[in-house]
Every structure is written in structure tokens, then in C-alpha cells.
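**Q** Pasting the sequence and the predicted model now:
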Amino acid sequence: PFKIFKMAAPRAIVFLADGAEEIETVAVVDVLRRAKVDVTLAGLDGTEAVKCSRGVVITPDKSFEDAKASGLFDAVVLPGGGNGAKLLRESEKVGTFLKQADKEGKIIAAICAATTVLKAHGIKLGSKVTSHPGVKEDLTESFDYKEERVVVDGNIVTSRGPGTAIEFALQLVKILCGDKERDDVDGPMLNK
């Protein structure tokens, strides 16, 4: 008899740092989980609850270190938020993780101010990207900047801000799971 093997669900890690933008964080985690992506919300500084940019408190699933030790991920997601993006830019361990993920061809996704994290760690300089308009000037010399809501260039996916978070997340579902899963998730959410 034939054995049917079910492929493992795609895995994504979403970094959570103090001051992260809560809509961008929660919308991405929620939409990816609706698509049955195995998502780990990884606390940059451990497992303590994190206060986001508008005061919403979110508890990570695991610390960054424990998440990293738990195995490979198909996608790395960087939420924006001014202070959250600053902490990700300044983190050596984030830079090392992103460089390895890029070397392995993993999806690296950044929204809003988090696109500056790509620049800070030298990830795919020259790629087509977008971001929140407030950080555009920081990016135009290092990247091929676009004014689009979501930009995909190879393994790099970027988006503008809280208002584009669902569209951004659905693009990640499409890349990780395919068009059908994207449509299956999008329909019941009444996105359009």
C-alpha cells in the first residue's frame, strides 16, 4: 500500500521587541496562523511581556534564543514600530540571524520602520523595497525604493504600515502556502 506523507507546515518566526507596532505584529501572526503556518512570536529580550508602541502588551511564545534553537524557519518577519525597529537594528543577534536566513534563501519580511533593519544589517542592499513614509529618506540611497503597499523582490517582502499589514500577511501566505491557501484565508476575513 501507498503511504501518504503530509508535508510539514511552513514555519515563521516573528520578532517582538519593546515598542513594536501591535497591529503589524498581531495581524501577521494571526493571518499566518489562519493559514496553518507554524508561527513563533520570539521575544528579543526573553519571554517577558512586551509593551508595544500604543501600550498594548503582548507575551512572546518563546525567547529569541529558544526560538532559534528550535530549528529552521521558512520566513523571518520584522514588525515595525519606531522603538521596536530601533532595537532590531541595534541587535547583533538579529543581524546574525538575518544574514544566515538570507544566505539560506529564506523569506525575510519587514513592514513599516522595520525595513530600516534590513539596511542596518546589510540585507539585500539594492533590492526593491517599501516602508512607512517616515523612514523613506533613510532607505532611498541603499535600496530601489517603491511607493507600493507591498513589494516582493526575490526573498525580500516589505510593506508600508499598520494599514497594509493584512495585505502584507496575505502575501506571505501566498509565498509560503500558495494562491489557494491565500484565497481560503482571505475570503472569510472579508478583507475586500
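**A** Now that the structure is in, tell me what you want to look at. Residues are numbered from 1 along each chain as shown.

**Q** Skipping adjacent residues, who's closest to residue 186 in space?
**A** Nearest in space to residue 186, with sequence neighbours left out and distances taken as CB to CB, 6 or more residues apart in numbering, is residue 170 at 5.6 Å. Bear in mind the C-beta positions are built from the backbone N, C-alpha and C, glycine included.

**Q** What pLDDT does the model give the one you found?
**A** Reported pLDDT at residue 170 in the predicted model: 98.

**Q** residues contacting it?
**A** Listed by CB atoms under 8 Å, 6 or more residues apart in numbering, the contact set of residue 170 reads 31, 182, 185-186, 191.

**Q** can you confirm it is in a helix?
**A** Yes - judged by DSSP: H, G, I helix; E, B strand; the rest coil, residue 170 forms part of a helix.

**Q** how much space between it and residue 36?
**A** Relative to residue 36, residue 170 is positioned 14 Å away (criterion: CB to CB, to the nearest Å).

**Q** ok, now residue 14?
**A** Between residue 14 and residue 36 the distance, using CB to CB, works out to 16 Å.

**Q** repeat for residue 180
**A** Using CB to CB, residue 180 is found at 12 Å from residue 36.

**Q** Check residue 10 too.
**A** Summarising the geometry, the distance separating residue 10 from residue 36, computed by CB to CB, is 8 Å.

**Q** Which pLDDT value belongs to residue 147?
**A** On the pLDDT scale, residue 147 gets 97.

**Q** Give the helix, strand or coil label for it.
**A** Residue 147 falls in the coil class when you classify it by three-state DSSP.

**Q** quick one, helices of this structure?
**A** Counting by DSSP state H, the chain has these helices, from start to end: 22-34, 64-69, 82-90, 92-103, 115-120, 136-139, 165-177, 179-189.

**Q** residues of the fourth one that come out buried?
**A** Within helix 92-103, the residues that qualify as buried by neighbour count (16 or more other CB atoms under 10 Å) are 94-95, 97-98, 101-102.

**Q** ok, now the second one?
**A** Neighbour counts over helix 64-69 (16+ other CB under 10 Å) mark 64, 67-68 as buried.

**Q** Can you give me every residue that contacts the nearest residue in space to residue 9 that is not next to it in sequence?
**A** With CB to CB, 6+ apart as the criterion, residue 9 has its nearest non-adjacent residue at 4.7 Å, and that residue is residue 38. Applying CB under 8 Å, 6+ apart, one finds that residue 38 lies in contact with 8-12.

**Q** With residue 110 instead?
**A** Listed by CB under 8 Å, 6+ apart, the contact set of residue 110 reads 77-78, 80, 117-118, 129, 131, 156-159.

**Q** 10 Å instead, please
**A** With contacts defined as CB atoms under 10 Å, 6 or more residues apart in numbering, residue 110 is in contact with 15, 24, 76-80, 85, 88, 98, 116-119, 123, 129-131, 156-159, 168.

**Q** Out of the helices of the chain, which gets nearest to residue 47?
**A** Distance to residue 47, taken as CB to CB, is lowest for helix 64-69 among these, at 7.8 Å.
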